[in-house]
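Student: okay, here's the prediction I keep looking at, along with the sequence it came from:
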Amino acid sequence: MDVLLNPDKFFMEHKEMSFKLPIAIVAISAIVSATSAYSASQIIFKTLPIESGGLNLLPLFSAFAAISAFLGAFLFWVVFAVILYVISAIFKGKGNFTTLMKFLAFSFIPSIILSPIYLYLNAELLGSPTMENLYAIVIFSAVVALWQFVYFVFAVKNARELSVKKSAIVCAIPLVLWFAYSIYSLQSQLEVLQMLKSLQI
């Protein structure tokens with residue numbers, strides 16, 4: 001249970017772990033992301049003002065969205081590890097990159113556990129693109145991000161041999177930028193969805 005309740009202790013005791021468990025965790029997260037993208041594509045495609053024949057493209061559109069989301073989870077894992085590795089180097093981090101990657105995989109756990117709630121809120125937003133539904137998913141995303149932040153901090157602390165304070169600073173920089181972009185992206189999606197809704201007859 002340390003992996004959930006005390007990630008700092010868990011990371012300290014598992015610095016020599018293999019890549020098997022980290023890859024499995026990211027793979028599960030990737031499946032969840034693919035499922036979410038597939039469901040979202042179904043809803044979005046049906047809001048488009050197209051002829052019924054255009055629905056023949058729905059399987060292809062949904063498959064592309066799911067595959068992109070699946071691969072995106074692994075890409076995010078690698079890119080975020082590189083970003084934190086580079087920033088932590090400025091603070092004199094000493095640990096190796098592979099250990100950091102392994103530990104960061106556990107930051108996907110919160111999004112996996114809370115995925116049913118996210119799937120529901122996302123479906124609500126896509127089905128009814130209102131500011132209320134947008135606020136709900138933004139608040140929920142903030143809660144998930146804060147939980148993930150705990151994993152980020154202790155992953156950097158143990159993998160890069162830094163203090164908790166320095167690790168928090170290292171992780172806060174990209175997290176704030178990423179969350180700001182996510183909100184901007186959601187707002188843009190909301191505007192597009194509202195426009196599509198207005199075009200429906």
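Tutor: Arrived safely, thanks for sending.

Student: helices or strands up against the helix or strand where Phe76 lies?
Tutor: Phe76 belongs to helix 58-90 when assigned by DSSP states H and E. Applying 3 or more Cβ pairs under 8 Å, 6 or more residues apart in numbering; DSSP states H and E, one finds that helix 58-90 contacts helix 20-47, helix 97-104, helix 131-160, helix 164-199. C-beta here means a position set from N, CA and C on the backbone, and glycine is covered the same way.

Student: so which of the ones you listed is nearest Leu75?
Tutor: Of all these, helix 20-47 sits nearest to Leu75, with 9.8 Å by Cβ to Cβ.

Student: for the residue nearest to Ile67 when sequence neighbours are not counted, list the residues it contacts.
Tutor: The shortest distance from Ile67 to any non-neighbouring residue, by Cβ to Cβ, 6 or more residues apart in numbering, is to Ala34 (7.1 Å). By Cβ atoms under 8 Å, 6 or more residues apart in numbering, the residues touching Ala34 are 66-67, 69-70.

Student: need the pLDDT of Ala34.
Tutor: Looking at Ala34, its pLDDT stands at 95.

Student: mean pLDDT for the helices and strands packed on helix 58-90: which is lowest?
Tutor: helix 164-199 (a mean of 79).

Student: list the buried residues in that one.
Tutor: 166-171, 174-175, 179, 186, 189-190, 193 (16 or more other Cβ atoms under 10 Å).

Student: again, but for stretch 13-31
Tutor: 14, 22, 25-26, 28-31.

Student: in JSON lines, list those along with distance to Leu75.
Tutor: Output for those, formatted as JSON lines (distance: Cβ to Cβ, whole Å):
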{"residue": "His14", "distance to Leu75": "25"}
{"residue": "Pro22", "distance to Leu75": "15"}
{"residue": "Ile25", "distance to Leu75": "15"}
{"residue": "Val26", "distance to Leu75": "10"}
{"residue": "Ile28", "distance to Leu75": "16"}
{"residue": "Ser29", "distance to Leu75": "12"}
{"residue": "Ala30", "distance to Leu75": "10"}
{"residue": "Ile31", "distance to Leu75": "15"}
